[in-house]
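S.K.: Compute the structure for the input listed below.
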Amino acid sequence: GGRTARTRLGISLLLLLFLALLCTVPWLTMHMRLENIQTDLQMYSDGHVDSAVGARLQFLSLAWHAFVEHPWAGVGVDRFGVLVQQLPACQAPGPVVCKLGHAHNDLAQWSATLGIPGLIGILALYLVPAFNFLRVIAKGRLWVPLGSAWAGLMLVVVYVLSGITQSMFAHATTTSLYAILIGLLLGLSLREAAIRDSAE
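M.R.: Presented below is the predicted three-dimensional model:
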């Protein structure tokens, strides 16, 4: 409809404006570390891992090797930091990367530390709520992104996207927030679905 179309267009324009600001305003670009990506990649190709991008690429490689070597049980919870300390770059004091204790990627972190059960666990944390929200959306034909089911689905998507460059479940605050909000939104969406079913 007209109002819905205008709302969607307005949201799309705001997102495009935000992305344009991220890429053009120096302060925002510096804060988001976007201007350092090319330099970090060049440094990483030269063997230097002490940068935001270099550390994350090194951690992905480290997590992959840990998963391949210990696929069934992983290296153990809170043991990823030990692997970081064993990196050749960490044998000499100084690099900031050596002080980081997790993989800065949820999938890599859980796979490396818990093996296949961890991989299944992190996928379940994302996919089970997403499936339930999608089921409520499909059953209620909620094609306009409004309501608790859509909010819950978007929360899962935000955590998945954030989990690409950060270990969201390595911190108590973000873990608790995910559990509480997902539980509340799932409960609300099921309640809304029950009200719709009783009204039909």
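
S.K.: any idea how far Leu123 lies from Pro117?
M.R.: The gap separating Leu123 from Pro117 is 11 Å, by Cβ to Cβ, to the nearest Å. In this view, the C-beta of every residue, glycine as well, is placed from N, C-alpha and C.

S.K.: swap that for Ala172, sorry
M.R.: Distance of Ala172 to Pro117, given as Cβ to Cβ: 21 Å.

S.K.: Between the two, which is the more surrounded one?
M.R.: Neighbours of Ala172 and Pro117, each counted by other Cβ atoms under 10 Å, are more numerous for Pro117; the result is 13 against 8.

S.K.: Which residues lie in contact with the more buried one in this structure?
M.R.: The neighbourhood of Pro117, defined by Cβ atoms under 8 Å, 6 or more residues apart in numbering, consists of Trp72, Ala73, Gly74.

S.K.: how about the nearest residue to the first one, chain neighbours excluded?
M.R.: It stands for Trp72. Sequence neighbours aside, Gly115 is the residue nearest to Trp72 in space, at 5.0 Å (criterion: Cβ to Cβ, 6 or more residues apart in numbering).

S.K.: and what of the last one?
M.R.: Leaving aside its sequence neighbours, Gly74 sits nearest to Gly115 (Cβ to Cβ, 6+ apart; 3.8 Å).

S.K.: check which helix or strand covers the one you found.
M.R.: Per DSSP states H and E: Gly115 is located in helix 106-140.

S.K.: average pLDDT across the helix or strand that comes right after that helix?
M.R.: For helix 106-140, the following helix or strand on the C-terminal side (DSSP H and E) is helix 148-162. Computed over helix 148-162, the mean pLDDT rounds to 92.

S.K.: now do stretch 192-200
M.R.: Here stretch 192-200 scores 79 as its mean pLDDT.

S.K.: Buried residues of that stretch, list them for me.
M.R.: Neighbour-count burial for stretch 192-200, counted by 16 or more other Cβ atoms under 10 Å, picks out Glu192, Ala193.

S.K.: In CSV, list the C-alpha atoms belonging to that stretch.
M.R.: Taking Å, rounded to 0.1, in the frame of the first residue of the first chain, the C-alpha atoms of stretch 192-200 are listed here in CSV:
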residue,chain,number,x,y,z
GLU,A,192,0.1,-12.8,19.2
ALA,A,193,-0.3,-15.9,17.0
ALA,A,194,-2.7,-17.5,19.5
ILE,A,195,-4.8,-14.3,19.6
ARG,A,196,-4.9,-14.2,15.7
ASP,A,197,-5.9,-17.9,15.6
SER,A,198,-8.7,-17.3,18.1
ALA,A,199,-10.0,-14.3,16.2
GLU,A,200,-10.4,-16.3,13.0
